[in-house]
Every structure is written in structure tokens, then in C-alpha cells.
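> sequence first, predicted coordinates after that:
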Amino acid sequence: MDIKVSRREFLKSAGYAASATALQGSGLLALNTLTASEAKAVPLGMGTYQVRYTADVMCPAECGMEMWVQNGRLAKIYGNKAVPMNDGACCAKGASGQQLIYSPYRLKHPLIRVGERGEGKFRQASWDEAIDLIARKLTDIKKKYGAESVVMDAGDVTDRDHYHRLFFAYGTPNCVEHGAICDTPRRHGPKLMVNGKRWEPDLMRPQLVRQADGSLKQDWTYRTKLIVYNGWNPFVATRIAYESRGTVAAQQESGCKVIVVDPALSNTAAKADMWLAPRAGTDGDLFGAMLRYILENDNQSDPAHKYIDWNFKKYSVGWDEFEAAFKSWWTKNDPINGMPYFSLDWAAGRTGLTKAQIQEVAHLFGVTKPAALVWGMQSPGHHFNGYCASIIGVALNVITGNFEAPGGVIDTELVKSDKGGSATGKQFKKRKVVRRVAGKEVEGEVEHLHMDAFGSKFPAAWDDVVADYPDVIENGVEIRYGPFRGHRYPMKGYVLRTGNSVYTGSAPYAWQKALAAKDATGNHKLELMVVIDTLYLESALYADVILPEASYAERQSVADIYPSHPLIYNRDAVIEPLYESKKPTEIMNLLAKRLADLGDTDLKGSDFWLKYRTEEDFVNEMLAPAPGKANIGTPLPYPKYPEGYTIIGNPESLEKGEVTIDDAKKRILGKPVTVEWLRANQGVAVWPMSWYRYKKSNADEPNGVFPPTSTHRIEFKFDWAEGGKRFGGYRSYNEKIEKANNEPPEGLKRVGFNKYPPTFFWFETVWNPYTNPEYAKYGKDYPFQLICGKVHHAMSGTQMVPWLGELKTEGTWQPLNNAFECELPEGQAVGREPIKAVKKKIKANSYSVGTVWMNNGDAKRLGLKTGDLVVVTNPLNRSTRGKVFASGGMRPGVIKMGFGTGGRFSPGLGPAYQSRSYTPLHNEMVDPTALSPIMGFPAFADMIVAVRKA
Amino acid sequence: MSLATQDRAAERWLPAAAADQVVRSRPLLAADLLRRLFLFGPSDEVLGLALTAAEAPGGTSALANAVDALRVATDAGIDAGEAWMNELAVEFTRLIVGPAQTPAVPYASFYLSPSRLVMTEETLAVRRQYVDAGVARRSDVRIPDDHLGLELDFVYFLERAIALAQVSGDDDTAQASYGRRAGFVRGHMSQWVPRFASDVLGATSHDFIRAAVTLLLVLLLDEEASQPEC
């Protein structure tokens, strides 16, 4: 039979069968008929508002929100007054949530790639087909290469636990998140020395404080007298909502002085009492000089020079060794300028600041109390040697007595509520697995297969090394440490959820090359790439399958961004998911079930679809360990309970005494925090604040609980033995190296280390002709240092809201557009009328776009003026284009571009996509091989460039 | 609409026929085809309905012509082989599904609401019309009520109700359903579907999609097609 005739007859049969279904019932496909009572229950309009408490994810600040829902539709958005992070404030981003949630351009249906990766050609698919395709591929990869060949990357929102749980159970330890490409060098000092992460000023207000009479009071007192923000820009770029208003409030109410150290006149610098504009990448130089100055000039008998609070030694270990190692550099001369390290002259020569400026900031920080030294992602966080600055930063805060002092600095990671618990699925990493290594069967645990923790490059990368994936995709993983030493495996699957690593995880060209790379048989080296998201960003162009996830208002989780004391709030689902988008719980269960159906016995109903029948089940398990913090500090949070015991339970039950005390485990157990409890309590649980959490409440001695280091003291030593035991933050990594015949990791080798140093260390950054002799030769041809910084209201989510995007911010986001046509919502509603969208011709220079921000003197020398199109090139022969914004608010010799603001190549981004040919893509300039030696972080702000008119 | 017109509308399906014949009339097959296309995308069922509708009785000459044009495009696609079906799926996805910003948006609220967002008062107004007719979005369907596929499902439901009522001699129901159908199409769909269709037609040269969108306009909006048969 003619095959086309056969096909035609088959189709007619299909059509005939389809029409026959209309004979049954109502004949409806997507609608159904209602009984009279059902019809009455359908919300039709003009109903009353339901107020739901949730959290914002229009940006990563995750402020507490009230969302008002009418007839199933999100109608109004306000700030939640009960959440101290934002204290009821709701910024323009938060208020614009409907623009994203109800955008007709959201991802709506599962899609399967039909063109080449990067081409952006997809076809619509059913969930069944998409899940089946993913599950079959995952099953195949697991059989052929091992589950560890799959990476789950959960991007940048806090509800990653569903996906991590799924993939831990599947058998891969390689579940990562956004922190890996955020600012890991910045976190290093806190992690190493107190087992924490982020040090922030004590500015969150109100604070719930226990009073002498036993009552609790909301305390609004600001105590901070000095803040030094080094490369930290809370008015524009950070996710800590209380820090901007808190800075202003401290200036007004406690006379706080603010010093901003930043090559650019940021908005924060504009509000500062002193702006210091050093060369890029010299943060550690400044900090080192401050520390040396304080040590050399401390005079305990002169109040005007009493810098050090020596009581810190009681709560720390290893200072003498740290100080000796630090001082050992004072007698060495720096080859770059011939001066002894950390002297004022040395620092002046390298930073470009004057000796007097460095001396003044060191003196002010030493003598002013309470004070906070804060270093940001735009400084140590984005430099190859940011670790050194981060470690010195911790030392400066500790020795001056500001750590945990009222108005001082707080490690927010150590004091925030626990969450996740067994829902995270970390227990699955303990499963035994067998791999054949060098011809022998070796048994170990799933976690021993982690590509970083046991890999050949960055075993101390606590937050994983996402920026290394292009290399891993092309060249595979070598396990160098642990039981599987010698095992090699490829990266074959990449499941990316709400992140955009192709665009933000170091140089996009390296990602694009790796994702398109094929083996000798013509198959992609990376066999499966899945993107799960609400928006269509650059990474999705390379996906084999795109799954539409419910937007932040349609899915449930919890939030707790960097508080001064334990609190946790509900990020409730306030409306039903639109289109075919699904909640993380649903996606997790669907994929787990399909994998199980395909024979994967690691995925069990009792761990997934039978256990979590609703997302609330999952979130309740996440909340179970809250707050999980010890009853410590001054004032003691719960004086009626034993000091030092871990507190678990909702604030109400703890206040009422509805607890059991487990002396064996030293735990105080109240009634658990649940979704139901949060909903009944304005969405938030807040436990009391205390300070000096490292000491007993009634005695000047350590409490043996805080900080959670190997000694429960602040550790200035990182690896040492004492009394037959070994201690320190680097201990476990050095032990791995020793067991591996002392073979050092590749990252350390790059800076000449064989092991992780036992105390203070120093090495230079890369691509910096002013501090590293290796790069001095480039200084003439590439006279500008290139730095970057976030423009939060221009991030991907908010670029979907044109009236947010068009507002200018600092020099990196200015109205320098070419004329274009676009449909834009009006900026302001009139009365009760809804905001209207109108098709507009946008005139040139009226809509903000990413720029090349440079000093006006530099521009003049190059014959450039604001608005000129320039080509920016680097020594790696990469280039990008953008328009100049020339101003005095930039250190000469430095250029700044917004991070993620230009060269957007996803067609899902509206006006930002339209301006891609003349807006700079900063990451195109990043050296993809310059991953910092300890945690493999991209050197986002270490590059030199030349600029010429296009 | 006058009672006489409603009567003529009722006559559109007379003389009475078996229910099976009713659902296999050209207008209902065309409506069935379009709702499936916009709800689920191109499929074997959609192509099959295009072939079947071309051979079915009923409807106006304009409708017959539009259906036949779709049949011709379908035949050409069958002759072109499997690649054509893949191209059709990709082009349909590009035009109205995503993931990039689509040339046409299959939601009434996008065209009718000042904000150009979805889930607006327009959506709730459509939901009210559904409930007045005794139907609602299925609980497992999360597409807003004013999606083109859902609205076509509603139109199909009303067309089918008209026809079946006439078969069973229930003229009151037939007239009520006809009035409801006319009100929905003329009062609502005609306000936005032409704009949607124009966006699609302006963005594609794909014969099948162009023929399908033309059929959509004829089925819903062609005055002659909306007149009952005499």
C-alpha cells in the first residue's frame, strides 16, 4: 500500500475517533459541566480579599509580603509588617509582582528542543512526554556512567530542597546552588574561622529582645557608630533589605559614620561620610595595612588609640600563630613596588589611595566602637585572592571587639533559623555505592563521588564550582581524594532550575562551546540538559527539555535572608499555578515516580509521592528543625530554660512553657513551627535576639557552643594538632591530601601551595598589573581595570517589567538606548484604574540600558563622551560593545559594567534583548580559566581591558 | 436576535439526525479541530479532523471553502512526510507557545485589557459566561479561562448543545444555546480573535497554520457562516 495513502487513512481514523469522544458526556475537553451548587462556588468577581503572607522573589531579597487575592487572582501586594527584614516596606520591584506572574510571556508549557542547542527551536510537549524523556535519559546515564554524572543546579532561590532531595536520592552528590557563582571568596574567612558565612552590621530592626522583667520587646535602637562598606552596596546591589534603611537610620539616630571603599561612586558611597576609591582588586591590601597599622599603633593606655579589645583571646585560639605569620611578611619586600608588605607606603602604592587615607580609615575603625567592617561580593567576593581579604576582615572585626557586639557585626549564617532538615535528602548521600577503580571494586558513600569535595581541583569548595562545568563537560572529573581515588567520570546530565549559568557562570562562550561539544559519534558530550524555570533566560536556549515551574506566588517554601537573630517566614502559595506550570513538589514527585517505574530502585514512593502528597507536607518537614539555635547570648533568649540547650519549636509554645526538655541531647522541644502556625501568625516566626553569643550570659568565659568550629572558639589557626587530636577549618582537606600521597589539588598548585595553610596566608590576584608582577607587562596596552556590580532592579526577573528596567541606576544603567518600539505598561496607575500597556516609540536616550561606566577624564583623553559606542577588548582577544557613561564618580583607570545587564541574548527578555548589540556583556571579558585556588570561584572582577571608539 | 432568527438557527440542524451524525457535521468537526489545535497543539487528531471535516456535510459554502483549504494544506503536509509535521509543531510553538516572546498571544485579556496581562477582569468576565451556561474550567486545567482553546471548547459545547437539542426536538434549549453562543462570539470573541489572527497571519507563511486561522475567523465571525441554513 502507498505509505502516504496509509498515513492519510490513519489520520482520518484518528480524526474520526476524536470526534467520537464528543458523543460521550458533555463532549468538553478543558471545561466541564457544573451542578447548581458547584456553579455557586465558582469565584466570579467582586468577592472579598483574602490576605496571604508570603515572600517576594522578584529579587533575591525575599522580603516578607502580604498578597491580597480576590477571586483567585493576585490583586494587591504590600509589605508584611511582621517580618523584620523589610518591616512592612514594599519596593517597586515587590509591588510589580503581577507584571511577572501574569506576563503572557512566561514559560507556560513543557517544551522539547528540535533545533540545535542554542538555536531556540522547540516544540510543545505534554508533561508525560517531557518527564518520560528526562527519566529515560537519566536512567540511561545512570546505567552507563553512574548517577554522579548528573549535576543538579538549583540556581538562586531558597526552595531548592525538592530538587536536591530528588537528585540525592537518584544517587548523585553533585547538587549545587547559586552560591557557587555568587561570592564564595567573601565567605571564606567567616567559614574558616567561625564556621559561618556572611558578616553584616547589626542593623536589622526591630529586634525582639528579652527584657529584665522577662517580657519581650521590639527594640528599635540603633547602636552602630561606624560602618566600613568595602565593595558592598546595600542601596543598590544586595539582597539584605534592612541594610539600606538601617544604614540611614544609624546615621540619623546613633550618629553613625559610613565609609565606603569602592572604585565607583555607588549610591551607598553617595550617602557616605567618606568615599575611598582604590584600584580594583586591592581590598586585601587595604585590610592588611589596616591590620598592621592597628597592631603597630594600638595603645591600651590611650583611649584615642585603644584599638584592640584583647579580651578576644579568651574566645579564640591561634592568634599568636596568626599574628606571627602575618608579621613575617612585614620584613619581605614586594617585587611590585619594593616596599615591605602591609606598610602604609606599600598599601598606598598598590591601592592608589594616599597613606593618610589608609591611616585614617584604620584609625577610625580601630577607635570607633561599635563598628562593623563589611566586605562585599563586588570586592573580595569577585577577586582571585578574595580569601586573604576575607580572613583579614574577620580578624579586624574580632580583635577590635566588634564581633557579636551590640551595633557591631553579626555572622548571619550562624544565627538564622535552621531549615530543611530531613527534607533536603542529604541522608541519601550516605548510601553505599560501589565503583570499579583501577580494576578493583571499591565501596564508598555517594558523597565520596562529589566532583569538588573529592575531585582533583577544589576539594575545599564548600559551595561547589559551577564555573568549572564547561571544563568538566569537555574533560570529565577525576576523583583524587577519598575512597574512590583514581575514579574518573564524565558530566552527562545537567538539570538547571531557576539559574542562568550560561550567562552568569563565568564566560558565556566557554559554556556555549561546552554545551554544543560533541563526541566522535556526533552526540553531545553533555547528553541531557534540562531547564526548569518561570522565565526564558539564556541557559534555556541550550536545554533539551524546558519545564515550566510555578511562579513564586504559586509555589510554597520558606524564607529567612540573613537576619540578626532567628526568624523564618512562610513563602506561601497565594494563587494556583497558571498554564501548565507545576510546583516543585509536583515536579519532584513526577520525576521520582517515573524513574521508579523505569526500574530505579533508589527512588521510592515512601520517600516521595506517598510521603509528600501536598507541598505543605514538604514545607512542614523543612520547618521541623526550626529554629535549631542554642539558648545563648546576652540577654539570654529564654532565661527559664537551660543555657546552651538547642531550641526547637514555635515561639508561642516556647513562651508558654509548652516544652519538653531533653537533658541527654540538650534540647528544648516546643511545638513545631508549621505552615498552619505561620499562617495564623502573620506568616512569620521570630525568636529573641541576643548578643555576645560566644560567651556565657552570666560570666566572661566561653559557653562551649558558639561558634560551631572544631574548638567552639574563633579560630585563627586553620589546621593543628593538640592532645592527640587535630583541629581547624582546613584539617579535613589536608587529611585528604595526606591520604592521597600528598598530591595537592590543582587549585592550590596554581598559587604554589601543597596543602591548605595552617594560619594566615597571602597570594596575589590575577590580571592585575598593579599588584602581580606576572601581569605588569599588560598594563600599557590594557590600561583599564574592569569591575562589575549588580543593578538589582535590572535583574532578569525585573527586566521582564519594562517600567522597572527603564529607571536609571548609578553609572552602569543609564538612559543611553537607541530608539526602539516596544509595548510598555504605563509607569503609574491613575486612581483605581489598572495600569495600562501601550505601544510606544521609545526615543533614543530615554530608556536605561547597561553601559560602560568610566571616568570622564579618561574618556576625554580617549576622545570619548557619554553615549559614544565603544569596543572593549581584553588580552584574551575577547571583546564586547557598549556605550560610554563618563562621570567623575569613577576612579581613573577603572571601568565598571553592570553584572547581567548587557548583551542579553535570550529573546525572552523584551527591551533588554533589543539592546543587546550595544550593551556590554561583562562576562564575555572574564577569563574562564581564572578560577580562584581554594573554592574555584570565577575572577569576575580581575581583568584588564582596552577601550576604543567603535 | 429575533425569535425568527433563532428558529432559523434551530432549523440549521434539521431535519433531525442521529447524534452521531450531528457531531460529524462540518461545523462541529471544524470547531472540534480548532479547539484541539489551540488547546493541545498540532496532532494526528487535528490533521484527521481536517480531512474528515472536508468530507462532512453541513455548514456554509464559506466554511466549506475554509475547511477545504485546510484539507489541501494537510494533504500537502502528508505528501511532504514526517519532517512537515515536525516543522508544523515548531512553528506553532514559536507563534503562540514560546519560550521566546510570541508574535501572538492566545488570551483574550492580552488584547482586551489595558494592562496587556493575563488574568484580568476580562478573564473573570469570560468565567462568568461559562458559569451562566453551567460549565467551568476543569480543576486540573490551569490555563486562564480566556485562553482561545478554552473559549473554543465553550463554543463547541454550545454548538453541540444546539444540534443535539434540535435532534431531540427541544427547541427551547436550542434557542437558548444559540443565543448564548451568539452573545459569546459576537460580544466577546469577535473583539479579540481577529487581532490575534492578524498577529498570527502577519508572522507566518506556514500554509496549515494560515488555513487554520482563516478557518477560525470564518467559523466564528463570518456573517454568512453564522446565518442558519435555509
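Perfect, thanks for sending it. No experiment lies behind these values; they were computed from the predicted model shown.
> report the contact partners of the residue of the stretch 851-950 of chain A found nearest chain B.
Minimum separation of the stretch 851-950 of chain A from chain B (C-beta to the nearest C-beta) falls at A:Pro907, amounting to 3.6 Å. C-beta here means a position set from N, CA and C on the backbone, and glycine is covered the same way. Residues touching A:Pro907, when contacts are defined by C-beta atoms under 8 Å, 6 or more residues apart in numbering or on different chains, comprise A:120, A:536, A:913, B:100-101.
> now, which of the residues you listed lie within helices?
Assignment to helices by DSSP state H places the following of the contacts of A:Pro907 there: A:Tyr913.
> most neighbours among the contacts of A:Pro907, please name it.
Counting neighbours by other C-beta atoms under 10 Å in any protein chain shown, the top entry in these is A:Tyr536, with 28 neighbours.
> now the closest residue to A:Phe899 other than its chain neighbours, what's its secondary structure?
In space, A:Phe899 comes closest to A:Cys788 once its chain neighbours are excluded; the distance is 4.5 Å by C-beta to C-beta, 6 or more residues apart in numbering or on different chains. Per DSSP: H, G, I helix; E, B strand; the rest coil, the local secondary structure of A:Cys788 is strand.
> what is the neighbour count of A:Cys788?
The number of residues packed around A:Cys788, counting by other C-beta under 10 Å, is 25.
> isn't it right up against A:Asp942?
No. Taking C-beta atoms under 8 Å as the definition, A:Cys788 is not a contact partner of A:Asp942, at 10.6 Å.
> what touches both of the two?
Shared between the contact lists of A:Cys788 and A:Asp942 (criterion: C-beta under 8 Å, 6+ apart) are residues A:His382.
> can I see the domain layout of chain A?
Per the record's domain assignment (automatic domain parsing), chain A is made up of the domains A:127-173+A:420-501+A:526-557+A:576-621, A:184-412, A:776-816+A:847-949.
> which ones are touching the residue of chain A found nearest chain B?
For chain A and chain B, the shortest gap (C-beta to the nearest C-beta) falls at A:Gly15, measuring 2.5 Å. Counting by C-beta under 8 Å, 6+ apart, A:Gly15 touches B:29, B:33, B:45-53.
> check those against chain A, which are close?
Filtering these for neighbours of chain A using C-beta under 8 Å from any C-beta of the partner chain leaves B:29, B:33, B:45-53.
> ok, back up a step: so which of the contacts of A:Gly15 sit within helices?
Among the contacts of A:Gly15, the residues falling in helices (DSSP H) are B:29, B:33, B:45-53.
> list just the nearest of these to A:Ser301.
Taking C-beta to C-beta as the measure, A:Ser301 sits nearest to B:Val46 out of the ones in helices among the contacts of A:Gly15, at 90.0 Å.
> and the pLDDT for the closest one?
Reading off the per-residue confidence, B:Val46 sits at a pLDDT of 95.
> neighbours of it, how many?
Residues near B:Val46, counting by other C-beta under 10 Å: 27.
> over to A:His487?
Here the number of neighbours of A:His487 (other C-beta under 10 Å) works out to 22.
> from what I see, it and A:Val437 are in contact.
Yes. The pair A:His487 and A:Val437 qualifies as a contact (C-beta under 8 Å) at a distance of 4.7 Å.
> what do those two both touch?
Taking C-beta under 8 Å, 6+ apart as the contact criterion, A:His487 and A:Val437 have no common neighbours.
> re the thing from before, and of the ones next to chain A among the contacts of A:Gly15, the nearest to chain A?
Proximity of the ones next to chain A among the contacts of A:Gly15 to chain A was ranked by C-beta to the nearest C-beta; the top entry is B:Gly48 with 2.5 Å.
> pLDDT score for the residue nearest to A:Gly425 when sequence neighbours are not counted?
Across the structure, with C-beta to C-beta, 6+ apart as the measure, the residue nearest A:Gly425 apart from its sequence neighbours is A:Arg165 (3.1 Å). Looking at A:Arg165, its pLDDT stands at 97.
> go on, B:Ile143?
What the model reports as pLDDT for B:Ile143 is 87.
> strands of the stretch 551-700 of chain A, residue ranges please.
Secondary structure of the stretch 551-700 of chain A by DSSP state E, counting those that start in this stretch: the strands cover A:557-559, A:567-571, A:627-630, A:646-648, A:660-662, A:667-669, A:684-686.
> among those, which comes closest to A:Arg878?
Smallest distance to A:Arg878 across the strands of the stretch 551-700 of chain A (C-beta to C-beta): 37.9 Å, for strand A:557-559.
> low pLDDT regions in chain A?
Residue ranges of chain A with pLDDT under 70: A:1-5, A:43-47, A:156-158, A:793-794, A:823-838.
> helix or strand for B:Arg195, which one?
With elements delineated by DSSP states H and E, B:Arg195 resides in helix B:190-201, which encompasses its position.
> next one: the helix or strand following that helix, is it in contact with chain A?
Proceeding N to C from helix B:190-201, the next assigned helix or strand is helix B:207-221, under DSSP H and E. No. Using C-beta under 8 Å from any C-beta, helix B:207-221 stays clear of chain A, coming no nearer than 12.7 Å.
> so what touches helix B:207-221?
By C-beta under 8 Å, 6+ apart, the list of residues contacting helix B:207-221 from outside reads B:27, B:30-31, B:33-34, B:37, B:42, B:62-63, B:65-67, B:69-70, B:72-74, B:76-77, B:88, B:91-92, B:95, B:155, B:185, B:189-190, B:193-194, B:197, B:200-201, B:204, B:225.
> right, I'll call it a day here.
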